[in-house]
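Engineer: take this sequence and fold it.
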Amino acid sequence: MRARSLVDGYSKQEVGNNPPILTGFFGSFGGRYVAEVLRKPLHELEEAFLSIVPSKEFQEEYQAKLKSFVGRPTPLYYAENTTRLLGGGRLYIKLEGLAATGAHKINNALGQGLLAKRMGKKRVIAETGAGQHGVAVAAVCAHLGIPCRVYMGEVDMMRQKPNVFWMERYGAEVVGVSSGSRTLKDAVNEALRDWASHPEDTFYILGSALGPSPYPDMVRTFQSIIGVETKEQLASLGLKPTALIACVGGGSNAIGFFSPYLYPIDESEERIKGTETSNMPRLIGVEAGGRGPGKGQHAARMSGEGKVGIVQGYKSRFLLDEDGQVLPTHSVSAGLDYPGIGPELAYLGDRGRIEFITATDRQAIEAMDFFARTEGILFALESAHGGAAALRLLPSFSKEAVVVVNMSGRGDKDLFITARELDRERWREFLQREVDSLGDAL
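Structural biologist: Below you'll find the model as predicted:
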């Protein structure tokens, strides 16, 4: 990984072979809007990120563990059945769900975990929504021998109970968050409070490409392996992508998947979009359309009613009311119901480089079921939003077009949601038998 990849999205001025001078902003988005108590640990983190991560020693260890521990490279799968059924472009799926712990989250968790160890930190904390980031951090901490605490909203703990169980099996302490909406936003708040109270010995592994700098750039750096591999795998087949599609919550899988194709970007006022005839692929981010339009019914920031604001230490687009207060959100997928979006994605969306659309809860569930039956691939509900968009858009492309969707995670974790939605009566009967048998055992 070249040092250049560490700082895309900051100032583009390069100094010899060294990283550019940082500004911490993507256009007007990003920054570091934090209390004084967090300024020093963030500065320390930035210095460590820029000095340690590009080093030969770090990269050799990271790349070796990506191969042996994470299981990279993940496959690029040609969805031949779907392509034949729908017509239009050829569909490929990047199978991040086959990485260790079942999602792309392990790429970033491993990178930050190794950085924490080299910085001499004695304790790791994290936040999680759908639980995949929490599971990845817990697994990495077990692997590296570092104590781990994960903050998770109580609502998310209920709907993602299997991931809570696995985090605890890896030895993590899972702390339920009862404030606010009791979802991802509130888990981030609690993690930031913890870090502010223990900055000397604690490393906060933030799971998405958001928050105060340098987190957006750092998370994209560790997730860029997804896009790098995809580009190389396509090239080995003699292909260039026409469009890349990814679900977007905070945005770590999307920004990593899109990373080889983001820059250079025209700095004029002209908006840029990839087309079938250009050398730049279309980049399509799919947000949670939830139950439909209306406050509290979705989590569509860029394709909905997002407003510019400063929340949780960074400037981006958020779902806010008239007074600037964060609105409630909804998505069937716990990983997409965050009210904000990573600042680099907001910048690139405003510039027109990334297109944003939505998929509803129902469309995501139907896409999950379609790919399971048609391709034998089980999408996580988050990833199924991208899958739903791919199914909708694929027929509109020419037969020569190459469309790639990122399956950022595997759907095993969603059993308690998808079984309830797709096989309600038999699922209810099964759960009742389990409750009855538990009572008999006691």
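Engineer: what about the closest residue to Gln132 other than its chain neighbours, distance to Val435?
Structural biologist: For Gln132, ignoring the flanking residues on the chain, the nearest one in space by CB to CB, 6 or more residues apart in numbering is Ala103 at 4.0 Å. (Each C-beta comes from the backbone N, C-alpha and C, glycine too.) Distance, Ala103 to Val435, by CB to CB, to the nearest Å: 30 Å.
Engineer: and what of Phe29?
Structural biologist: According to CB to CB, Phe29 and Val435 sit 48 Å apart.
Engineer: quick check: phi and psi at Leu210.
Structural biologist: phi -150, psi -170 (degrees, to the nearest 10).
Engineer: break this structure into its domains for me.
Structural biologist: 3-70+105-215, 76-101+217-420 (automatic domain parsing).
Engineer: check the offset of the shortest one from the chain's centre.
Structural biologist: Taking the mean C-alpha point of domain 3-70+105-215 and that of its whole chain, the gap between them comes to 12 Å (CA atoms, centre = their mean, to the nearest Å).
Engineer: next: the last one.
Structural biologist: Domain 76-101+217-420 has its average C-alpha position 9 Å from the chain's average C-alpha position, going by CA atoms, centre = their mean.
Engineer: longest strand in the chain, please.
Structural biologist: strand 282-290 (DSSP state E).
Engineer: moving C-terminal of it, what's the next helix or strand?
Structural biologist: Next helix or strand after strand 282-290 toward the C-terminus (DSSP states H and E): strand 307-311.
Engineer: burial count for Lys295?
Structural biologist: 12 (other CB atoms under 10 Å).
Engineer: what confidence value was assigned to the closest residue to it other than its chain neighbours?
Structural biologist: Of all residues not flanking Lys295 in the chain, Leu327 sits nearest, at 5.6 Å (CB to CB, 6+ apart). Looking at Leu327, its pLDDT stands at 95.
Engineer: how close does Leu327 get to Ser316?
Structural biologist: 15 Å.
Engineer: equivalent analysis for Phe58, please.
Structural biologist: In terms of CB to CB, Phe58 sits 29 Å off from Ser316.
Engineer: got it, and Ser51?
Structural biologist: Ser51 sits 27 Å away from Ser316, going by CB to CB.
Engineer: between those two, who's got more neighbours?
Structural biologist: Taking other CB under 10 Å, Ser51 and Ser316 do not tie; Ser316 has more neighbours (30 against 12).
Engineer: checking the more buried one next. Helix, strand or coil?
Structural biologist: Under DSSP: H, G, I helix; E, B strand; the rest coil, Ser316 falls in the strand class.
Engineer: okay, and the beta partners of it?
Structural biologist: Gly309 (DSSP bridges).
Engineer: got the contact list for it?
Structural biologist: 29-30, 210, 308-309, 340-343, 346 (CB atoms under 8 Å, 6 or more residues apart in numbering).
Engineer: mean confidence score for the longest helix seen in the chain?
Structural biologist: For the chain, the helix with the greatest residue count under DSSP state H is helix 215-236. What helix 215-236 shows for mean pLDDT is 97.
Engineer: ditto for stretch 141-153
Structural biologist: Regarding stretch 141-153, the rounded mean pLDDT is 97.
Engineer: part of a helix, is Val405?
Structural biologist: No. Counting by three-state DSSP, Val405 is not part of a helix but strand.
Engineer: what about it, how many neighbours?
Structural biologist: The number of residues near Val405, taken as other CB under 10 Å, comes to 32.
Engineer: again, but for Lys307
Structural biologist: The tally of other residues near Lys307 (other CB under 10 Å) stands at 13.
Engineer: show me what the spatially closest residue to it that is not a sequence neighbour is bridged to.
Structural biologist: Excluding the flanking residues, the one nearest Lys307 by CB to CB, 6+ apart is Leu320, at 4.7 Å. Bridge pairing for Leu320 (DSSP bridges) gives the partners Val326.
Engineer: residues contacting Leu320?
Structural biologist: 307, 309, 326-327, 339.
Engineer: so which of these is the most crowded?
Structural biologist: In these, the most neighbours by other CB under 10 Å go to Pro339, 22 neighbours.
Engineer: distance of that one from Gly211?
Structural biologist: Going from Pro339 to Gly211 by CB to CB gives 14 Å.
Engineer: ok, now Gly129?
Structural biologist: 14 Å.
Engineer: now swap in Phe430 and tell me
Structural biologist: From Phe430 across to Gly211, the span is 40 Å (CB to CB).
Engineer: these two - which one has more neighbours?
Structural biologist: Gly211 (30 against 12).
Engineer: assumed the more buried one was part of a strand.
Structural biologist: No. Assigned with three-state DSSP, Gly211 falls outside any strand and is coil.
Engineer: follow-up on the earlier one: buried only: go through the contacts of Ser316 for me.
Structural biologist: The neighbour count (16 or more other CB atoms under 10 Å) marks 29-30, 210, 309, 340-343, 346 as buried among these.
Engineer: export those residues to CSV and tack on distance to Asn163, pLDDT and secondary structure?
Structural biologist: As requested, those are arranged in CSV below (distance: CB to CB, whole Å; pLDDT from 0 to 100; DSSP: H, G, I helix; E, B strand; the rest coil):
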residue, distance to Asn163, pLDDT, secondary structure
Phe29, 30, 97, strand
Gly30, 30, 97, strand
Leu210, 21, 95, coil
Gly309, 30, 97, strand
Gly340, 22, 97, strand
Ile341, 23, 98, coil
Gly342, 22, 97, coil
Pro343, 27, 97, helix
Ala346, 28, 97, helix
